[in-house]
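Undergrad: what shape does this take:
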Amino acid sequence: MSSIARTWAPRGSFHHVGFVVASIENSARSFMESMGLKWDGEIIHDPNQGACVTFLSGENPDDPLLELVAPAGESSPVAAFLKRGGGLHHVCYVVNSLDQQLEDCRKRQSLVVRPPLPAAAFNGRRIAWVYTKSKLLVEYLER
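TA: Numbering: from 1, shown residues only. Below is the predicted model:
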């Protein structure tokens, strides 16, 4: 489990931005060099998400993280996204109550595309996926 993801405590609620890549190992160096990021080299397999993830961080510990996401197989939810070229995939916000956040999202006519599940990258804290009316994919991470 990534020490960055486990210990990072956001000042606000914006946690990370996720990019879908074909290979974390082949993409991490490029992101590090082009954006001046650091990487601990840890890759986390999350069977609930059907993906492998890693986190890169900036020099300022309060900065949001950058998550690289690679499909863990052909049936991965991100495999189809990768076939269209991959790239910017989602933003993630930390929320105090995931259930309340999802209720608020439904009131705004957003679609909950993946119900709450424990996430391997966050010590089993629950995450959920929401597609907004403005076509933004948002991951919500329970504090």
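
Undergrad: for the rest of this, base every contact and every neighbour count on C-alpha atoms.
TA: Noted.

Undergrad: let me see the ranges of the strands in this structure.
TA: Taking DSSP state E, the strands of the chain run over residues 14-20, 38-39, 44-46, 51-57, 65-71, 87-95, 111-118, 126-131, 137-142.

Undergrad: who are the packing partners of the fifth one?
TA: Strand 65-71 is packed against strand 14-20, helix 24-35, strand 51-57, with contacts defined by 3 or more CA pairs under 8 Å, 6 or more residues apart in numbering; DSSP states H and E.

Undergrad: number of nearby residues for E25?
TA: E25 has 15 neighbouring residues, counting by other CA atoms under 10 Å.

Undergrad: could you check how far it is from F55?
TA: From E25 across to F55, the span is 12 Å (CA to CA, to the nearest Å).

Undergrad: and Y140, by the same measure?
TA: Counting by CA to CA - Y140 and F55 are separated by 16 Å.

Undergrad: if you rank every helix and strand of this protein by mean pLDDT, what lands last?
TA: The helix or strand of the chain with the poorest confidence is helix 3-7; it has a mean of 53 (mean pLDDT, DSSP states H and E).

Undergrad: on the pLDDT front, check the most centrally placed residue in the chain for me.
TA: The residue lying closest to the centre of the chain (CA atoms, centre = their mean) is G18, at 4.9 Å. pLDDT for G18: 98.

Undergrad: thanks again, I'm all set now.
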